[in-house]
Structures are given as C-alpha cells and as structure tokens.
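Enquirer: Have a look at this fold, sequence not included:
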C-alpha cells in the first residue's frame, strides 16, 4: 500500500510538471530576465544579473461570470517578438525614443492573451481580450512578491478614513513620500503609483502602469498581501453619482457596482510596469511613454508647448498699477503685457472667471470681457488658457470646446477630477480627443499620474498628480518639500510630465519657511527654483509668481523665460533618490544643466564632456550665493568661457540648486 501511495504521488508530480509551461525572456543587453510560468497560476519573476529581485508573482483577471484568466491557463501559441526602432517623440523630453525589447505573447485557447516585454530598464505585462461579446471584470489580481523585506518609498492617499479603501478612492493623488520596510507600510492607507522598492545592491524597482484608458487605476497595499509583498486594489465602476465637492464642480460616487470594468469590444488592458535599475535608470526611463498607444494626432505641428504666466498661486497680487488687481479684464491684460515682453507663450485665467458654484462655463463673471482678453492676447502673440472644473467641462464638453475655440482660446486646464475609476480614466481620453478636434491643448490638473496619455493624445501637455509648489501656500513647516523635490524625478516623473508649478521668487532657507496663502514662498533657495525648470519634465510650464516679483528679478526672469519646455535630448548626469539629482537637456546646440539637493549642503562636480560640445564653450551659471543657507533668495550669476576638459564644480546650499546654460562660445568673444 505504501508503494502504491508513493507511485501515485510521483505520477501526480509528473503530471504537474507536464502541465506547467515556462518561458524565459531576457532584455536585449542580457541584464534583466523574467521567467513566465503558466500552470496552476500564471506568474512571472524578475532577476537582475542572475539575482532575483521579484519572486514569482501571480497575475489574473476574474470575470463576473466565474471565468478566470490566469490560473490553469491553456496556452495555444507562444509568440516571441522583438523590436529595435527609434520612435519620433515630439513634445517630449527627447526628439526620439529608442524602443528596444524582447517580447512574448501567450495566446490562450480561450479568447484572451497576455503579453510580456523586457527592456534594458524594465519588465512589463498586459492582458488582452479578443472577445466580441460584452463582459465585465469583477477583479484583477496584481501582486508583487519580493524576496526580502525591502525598503519602499511610497505615496499614500492623503484623504479618506484610515482603513476605509472605498473612502480613499476619492483623492487628488498629491502627497509626500513615506519610506519604510514593506512589512511596516501603513496597511490602512492605499498607495498610489508610481512607488519604488529598494532591492539592494544599487537596484531599485519602480512600479507604475501605462496605457490606462477606460480602466480603473491601480493602487497597492500590503494588507492581505503575501509576505514581503504588495497587492493591487481597484475602484469599482460608479453606479450612482452626485454633483458636489469643490464649488459643486465634482461628481461624487455614492454607490458602486460589483465589478471594476465593463468591456464591450476587443481591447488591450493597461501595462503593469516594473522599471528596474539604478536611481539614474529610473529617472531616465521612457517606459511609460513607450508602452502607451501611439499618437492619435497625425499632425502635431499645431500643438504649442511653452510657459504660462499664472495668476492663482500669487493671488493676483500686483504692485505699482493704477487699477484694483484681481479677476478682471485689466489684470489679465497686464499679465498679457508681461508675458509678451518676456516671450512667454500663454496666460492662464484660473478659477474665478466663470460664475462660481454654477458648473457652467458659458456663464462669465461681469468683471471679465473674455473676447477682449483673447483678442488682446492674440495681438501680442500670447495664447489664453482657461481653467475649468471637471464637471463644468464634462457636462457640456462639445459646446464648450467649440465655443471657446472659435473665440480664439488655446486650451483648458481641467481640474478636480480626483478619481481614477473606469469612468474617469475614460473621461481623460474623451476630453483629449474632443479638445484635439478643436485645436485645443489640455493641462489635466487634479488628476492621477499621466499613464501614457501624453503619447496617445500629445495635445495633453501636462498633468498634476504631484505635491507641487501650490502646497506651499498652506503646508506646515514640518513638510519637507526639499526631500520630496529630490525624490520625484526618480519616482513620480517616471510616469510622465508634471504640473509642479515652480518659479517662486520668495525663497525660504531652512527654518524660515511658513505658509502664507496670499504671498506664498518656496522652501529652499532661488537657484533650487531655477533648476526645477531643467530637472522636471513639463511641456506646459508655469511661472507661478507675480509679474511684480519677476520684474524685480530681471536676471532670473530672463533665464527661466528662455528655457525650452520640450527637448531634443535628456540625460541624467547623477543623483540619489531623496538626496540630489543633476539633469542635462539639449535644445538644438544648447544644453541646460540643472541640479537640486535636499536640505543637505553638497558639492557636486558636473562632467560636461559627455555633452559633446566641441571647442570652447560659454556658460551662464546661476548658483547659490554665499549666504543662501541664511537667505534663500541669495544667488550669484556668472558667465564662464571655458572648454570641457575640467568638470564644473558647484556648491549647493541646504535646499539649494544650480542651473547653467551651455553652448558653443560665440565668435569674437
């Protein structure tokens, strides 16, 4: 009897081995490897130079009719794929992006498939459906199982009751980062993406998603996850919505359905992305853009990136004028004059130009003559962008876009979405498509991470989803914005550009900052603010401070007004997450280099030789002044003529930074 039991067990094991199929996939440079296993579970892992940084982690989609994609998958065909191509990327941080990967598509005997791609800097997968009949997805299993209790850097949802994930789904995706071992993360709060896990030996894993269209965004939690793991959480489809929230401009979910997504045609689902590498690799990664659906706009020549003179952060404060500054025609004509004089492409009319509380963008306050403002801007070659609350824009989108495009308005800043369920992510794409038909650009404020939308609809120039400078109007002294600034290039920016809204001319050294809503200041130094225009990706970039303050600071104003917002090339020259970063960007034959630090003073040496400028160079350098550690606005501007044989040595004050413009030396100088 004992021999029979042993024989039976052996046969069971043999059958299990035969049932499981494994596929190994390596990056083009051989540095990364994933093994995909299709058996009782569908899993994948990640190894770096043979060292496992992600253990086999299951993936599955569960339909509400009981079917499950993933476990016990029946592979009909395994297709190996590869690519190595340069893709034009206008309106981005490089003129072209290299798409180089090895791929695997597992086509199942049912009507679904799963695709994996391994790049030199990451691993991604996505599900796809070929079903023509509509169906509903009850849940998706997303898990990240790490081999040890690694340290993670995560942004928690800031709103909602502790432990109530449903309450936390209503959030603005703005928070600073917390760092803790996976096991010590707050299990009562959702984490939104991107987030990063330190796998040791100089390797980090940044988790995000892209090609997010008509599907709920992914949150992660350690609650109920495997040991040393994180698992995915999704908001279900809204069933009952009620107008309310900020100035009656939001739609609040009062009841949800039992499923997370409704599918009515063959489609692919979002890519689950793990960017893997050094800190610099994370900051340099283009995977979010590369994996998104290609542009749906054939001719992008009409899309105008640029900088924006912005009214809201500085509370419409003007000095030395003979009219009462505020939301009125005279104020905005003054902003237009300022923008025209400085070569700034846009002026924004933020909240207040439309009648408050009505959620109706066709009702303009009597103090504003919008036609006159738009015409005056056109005369000065300054475009007008209008702020719009989400529901005011969504409820009448077609008419609003048509009406204001005919008037000559150039775009909208849409705000207060504050959700990323299936209905809201579909709204973002619908808004982009509608705006594009009328030649309008969009800045999506109050929204989740970019998730590839800026490639698919490049008229969407910018996104919030960041604890930006607006927070300095009200954040307490305990908020460490300098550490946050030195973290986002490695984490949040991996998902795409951000509407951080830098440019403060009132700058507070450590211990001097305080929140002042009507005359706000930044933490850190003046040069930290200048450097952010180079360090951060932002095709539509705000000058957040008042024209009055900029006119008092002509050197800094001329410098940031001239900085491009899209680039031919971007390179990360050095950095450590949460500590500092140095970024170089090229436009034509001119390079800009920017560096920032946390509250730790440091000396950096910047090797400019890799920038490839031949012969003598001329550099305009803004660096922290000798007393910037005491007075944040202290800076020094220098013009240097040199060659590239010696590195550029710069001292960064606590919370400091530097910005330098480098180009071939002009003849005769």
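Expert: That came in fine, so what should we check first? Note that this is a predicted model, so its numbers are computed, not measured.
Enquirer: Every contact and neighbour count from this point should use C-alpha atoms.
Expert: Fine.
Enquirer: Tell me which helix or strand comes right after the helix or strand bottoming out on mean pLDDT in the chain.
Expert: For the chain, counting by mean pLDDT, DSSP states H and E, helix 2-19 ranks last in confidence among helices and strands (a mean of 40). Going down the chain from helix 2-19, the next helix or strand is strand 21-26, by DSSP states H and E.
Enquirer: What pairs with that following strand, parallel or antiparallel?
Expert: strand 32-38 (antiparallel) (DSSP bridges).
Enquirer: Quick check: closest non-adjacent residue to residue 398.
Expert: Closest residue in space to residue 398, ignoring its immediate chain neighbours: residue 434 at 6.8 Å, by C-alpha to C-alpha, 6 or more residues apart in numbering.
Enquirer: likewise residue 233?
Expert: That would be residue 219: by C-alpha to C-alpha, 6+ apart, it lies 5.1 Å from residue 233.
Enquirer: And residue 285, by the same measure?
Expert: residue 494 (6.3 Å).
Enquirer: Now do the contacts for that neighbour.
Expert: When contacts are counted by C-alpha atoms under 8 Å, 6 or more residues apart in numbering, residue 494 touches 194, 282-288.
Enquirer: what sits up against the helix or strand residue 336 falls within?
Expert: Per DSSP H and E: residue 336 is located in helix 329-342. With contact meaning C-alpha under 8 Å, 6+ apart, helix 329-342 is reached by 308-309, 316, 323-325, 345-347, 349, 367-370, 372-373, 376-377, 380-382, 547, 558, 561.
Enquirer: Let's see which of those end up in helices.
Expert: Among the contacts of helix 329-342, DSSP state H puts 370, 372-373, 376-377, 547, 558, 561 in helices.
Enquirer: sorry, back to before: could you check how far the residue nearest to residue 233 is from residue 190?
Expert: 6 Å (C-alpha to C-alpha, to the nearest Å).
Enquirer: When the two are compared, which one has more neighbours?
Expert: Between residue 219 and residue 190, counted using other C-alpha atoms under 10 Å, the more crowded position is residue 190 (30 against 23).
Enquirer: Residue 356 - how many residues pack around it?
Expert: Using other C-alpha under 10 Å, the number of residues around residue 356 comes to 16.
Enquirer: Next, the contact list for it, please.
Expert: Residues near residue 356 by C-alpha under 8 Å, 6+ apart: residue 247.
Enquirer: try residue 144
Expert: Per C-alpha under 8 Å, 6+ apart, neighbours of residue 144: 54-55, 57, 229-231.
Enquirer: Low-confidence bits of the protein, can you list those?
Expert: For the chain, residues meeting the criterion pLDDT under 70 lie at 1-19, 667-669.
Enquirer: Swap in 50 and give it another go.
Expert: Along the chain, segments meeting pLDDT under 50 span 1-18.
Enquirer: And what about the nearest residue in space to residue 262 that is not next to it in sequence, helix, strand or coil?
Expert: Nearest-residue entry for residue 262: residue 136, 4.5 Å, with adjacent residues in sequence omitted and distances by C-alpha to C-alpha, 6+ apart. Assigned with DSSP: H, G, I helix; E, B strand; the rest coil, residue 136 falls in the strand class.
Enquirer: ok, residue 136 touching residue 67?
Expert: No - assessed by C-alpha atoms under 8 Å, residue 136 is found out of contact with residue 67, at 10.5 Å.
Enquirer: ok so, going back, reformat the ones in helices among the contacts of helix 329-342 as TSV; add neighbour count and distance to residue 126.
Expert: Converted to TSV, the ones in helices among the contacts of helix 329-342 look like this (neighbours: other C-alpha atoms under 10 Å; distance: C-alpha to C-alpha, whole Å):
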residue	neighbour count	distance to residue 126
370	21	46
372	13	50
373	21	47
376	18	49
377	25	45
547	24	47
558	14	46
561	20	41
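Enquirer: so which of these comes closest to residue 501?
Expert: Closest approach between those and residue 501, by C-alpha to C-alpha: residue 561, at 13.7 Å.
Enquirer: where's residue 582, which helix or strand?
Expert: Using DSSP H and E, residue 582 falls in strand 580-587.
Enquirer: Tell me which other helices or strands that strand touches.
Expert: Helices and strands touching strand 580-587, by 3 or more C-alpha pairs under 8 Å, 6 or more residues apart in numbering; DSSP states H and E, are helix 526-535, strand 569-576, strand 590-597.
Enquirer: Give me the angle between the last one and strand 580-587.
Expert: The directions of strand 590-597 and strand 580-587 differ by 170 degrees, with axes from the mean of the first three to the mean of the last three C-alpha atoms, to 10 degrees as the criterion.
Enquirer: quick one on the thing from earlier: just flag the most distant two among the contacts of residue 494.
Expert: Largest separation among the contacts of residue 494 by C-alpha to C-alpha: 194 and 284, giving 14.6 Å.
Enquirer: These two: who's more crowded?
Expert: Of the pair residue 194 and residue 284, residue 194 is the one with more neighbours under other C-alpha under 10 Å, namely 26 against 19.
Enquirer: what's near enough to touch that one?
Expert: Counting by C-alpha under 8 Å, 6+ apart, residue 194 touches 154, 206-209, 449, 491-492, 494-495.
Enquirer: Repeat the analysis, applying 6 Å as the threshold.
Expert: Listed by C-alpha atoms under 6 Å, 6 or more residues apart in numbering, the contact partners of residue 194 are 207-208, 491-492.
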